[in-house]
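Participant: Here's a sequence, model it:
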Amino acid sequence: MLFYKFFFIVLLLVLNTFNSIGQVKSANTSSGKPMLYIQLEPYGEEMDRFIKSNNIQRVRFLNEGLFLNDFYQVDRVMLKKQIATAFPEKYEKGVAYLDIESPYFEKLRDLDLNHAEFKRALKLYLDILNIAKNERPNVKWGYYGIPFTTYWERTPSFYDKNFKISKLLTACDIFFPSLYTFYENNEVPKDENKRYAIENTTESIKLGISFKKPVIPFIWHRYHPSNPRVGLKVIPDAEWFENIENIASVQVNGKKVDGILWWGADQFLFDTHSKAVHDEFKGTSKEFSIHSDRILSNKANRLRRVLNK
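Facilitator: Reported below is the predicted structural model:
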C-alpha cells in the first residue's frame, strides 16, 4: 500500500527493543488540545530526554510481514509472539496499531461489500485485531489507515466506503487515519493540501463521533514516497506545521482530533541508503544519528507548541 514490506519488517524488529507508555485519554472537546504520540525510533539521547520530560506517548506497531505469511494465512503463533515482544506483560497498558498492506487494504477499501474478496479481507482484519485484543486486553488497538482517507477522491461516495467496514470500526479502540503529505504546495492547485487535510480530518472526526472512538491521524515530516519527484524529502517546516495546524484546528460539533501520531524512520532510511536522506547529510551513520536527533528534537518542541495553542 504505502511502503515496502521489507522496510516495515526490519523497522519493526528495531522498534520492538523499545517500551511503549501511556494510554489514550478521553475525547477532546472544543477546549481540548490534541495529544502528541510518537513513533520515531530509533532516536538519540536528546529526543529521548524530550519525550520523557514531556510525557509524550510512544506507540508500538505490528506489521503483516511478521505473521501474515501466505495469502490470507495468519501465523497465529508468530502473531502472538510479536504481541508478547511488544507488550511483555499480559495486562500491560499502551497504544498500538496494526499495519496490513497490499493487496488486503485495497480489497477492503475498493471492493463492494458483497464481493467475496472484500468479505475475506474484512474477516482477516477482524481476526487479527481480535487476537491482539485477546492477548493484550488493556492495550488500545487500531489499524493504520483506518478509517480510509484520500487525496483526490474527496467525495461522499469515497467516504461512504467507511460504512461498509462498520464492524471493523466498532472493533477498533482508536482510529488512525493517514494524513501523510503527498505533494509540495506548488505542485497542486492553491490550498489543495489544506483542503486535503481539513476535509479528511472532518470526515474522520465524524466517524469518531459516530463510533465513539478517539481519532489520532498519522503525520510524517517527509513527503510520501509515492511522489517520484520529492518522495522521502523533508517537508519544509513552514509547510509541515501549517498542515498540522490545519488538522488540529478542525472541529465537528466541538470535537477535535484527540491527538496526532508523528511517524518517522530517518535513521533506517539513512542506513538503507535512501538517496533523499543521503542528499541531506554526508557522514557516518553515527554522525547522522546525532544530526537527526537534533533536528527531531527541534521539530518536537515546535510541534508541542503548535498542539498546545
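Participant: isn't Asn301 right next to Phe50, touching?
Facilitator: Yes. Counting by Cβ atoms under 8 Å, Asn301 touches Phe50, with 7.0 Å between them. (Each C-beta comes from the backbone N, C-alpha and C, glycine too.)
Participant: the more surrounded of those two?
Facilitator: Using other Cβ atoms under 10 Å, the more surrounded residue of Asn301 and Phe50 is Phe50, with 19 against 12.
Participant: isn't there a strand covering the more buried one?
Facilitator: No. With DSSP: H, G, I helix; E, B strand; the rest coil as the criterion, Phe50 is helix rather than part of a strand.
Participant: From Leu40, how far out is it?
Facilitator: 11 Å (Cβ to Cβ, to the nearest Å).
Participant: got it, and Leu108?
Facilitator: Distance from Leu108 to Leu40, counting by Cβ to Cβ: 28 Å.
Participant: repeat for Ile219
Facilitator: 11 Å.
Participant: Got phi/psi on the residue nearest the centre of the chain?
Facilitator: Nearest to the mean C-alpha position of the chain, by Cα atoms, centre = their mean, lies Phe218 at 3.7 Å. Backbone torsions for Phe218, taken as degrees, to the nearest 10, come to phi -80, psi 140.
Participant: Repeat that for Glu135.
Facilitator: phi -70, psi -40.
Participant: The nearest residue to Lys93 once chain neighbours are set aside and Ile235, how far apart?
Facilitator: Spatial nearest neighbour of Lys93, chain neighbours left out: Asn138 (4.7 Å); criterion: Cβ to Cβ, 6 or more residues apart in numbering. The gap separating Asn138 from Ile235 is 35 Å, by Cβ to Cβ.
Participant: Compare those two (neighbour count), which wins?
Facilitator: Each of Asn138 and Ile235 has its neighbours counted (other Cβ under 10 Å); Ile235 has more, 20 against 13.
Participant: Isn't the more buried one up against Asn227?
Facilitator: No. When contacts are counted by Cβ under 8 Å, Ile235 is not listed as touching Asn227 (11.1 Å).
Participant: on that earlier part again, where do the contact lists of Ile219 and Leu40 overlap?
Facilitator: Here Ile219 and Leu40 have Trp262, Trp263 as joint contacts, going by Cβ atoms under 8 Å, 6 or more residues apart in numbering.
Participant: Pull the top helix by length along the chain out as PDB, backbone CA atoms only.
Facilitator: Ranked by residue count, the top helix of the chain under DSSP state H comes out as helix 285-307. Provided in PDB are the C-alpha atoms of helix 285-307 (Å, rounded to 0.1, in the frame of the first residue of the first chain):
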ATOM      1  CA  SER A 285      25.600   6.600  10.500                       C
ATOM      2  CA  LYS A 286      26.700   7.700  14.000                       C
ATOM      3  CA  GLU A 287      27.100  11.300  12.800                       C
ATOM      4  CA  PHE A 288      23.700  11.200  11.100                       C
ATOM      5  CA  SER A 289      22.200   9.900  14.300                       C
ATOM      6  CA  ILE A 290      23.400  12.900  16.200                       C
ATOM      7  CA  HIS A 291      22.300  15.200  13.400                       C
ATOM      8  CA  SER A 292      18.900  13.700  13.100                       C
ATOM      9  CA  ASP A 293      18.300  13.700  16.800                       C
ATOM     10  CA  ARG A 294      18.900  17.400  17.000                       C
ATOM     11  CA  ILE A 295      16.500  18.100  14.100                       C
ATOM     12  CA  LEU A 296      13.800  15.800  15.500                       C
ATOM     13  CA  SER A 297      14.100  17.500  18.900                       C
ATOM     14  CA  ASN A 298      13.700  20.900  17.400                       C
ATOM     15  CA  LYS A 299      10.700  19.800  15.500                       C
ATOM     16  CA  ALA A 300       9.200  18.100  18.500                       C
ATOM     17  CA  ASN A 301       9.500  21.300  20.600                       C
ATOM     18  CA  ARG A 302       7.700  23.300  18.000                       C
ATOM     19  CA  LEU A 303       5.100  20.600  17.300                       C
ATOM     20  CA  ARG A 304       4.200  20.600  21.000                       C
ATOM     21  CA  ARG A 305       3.800  24.300  21.000                       C
ATOM     22  CA  VAL A 306       1.500  24.100  17.900                       C
ATOM     23  CA  LEU A 307      -0.700  21.500  19.600                       C
END
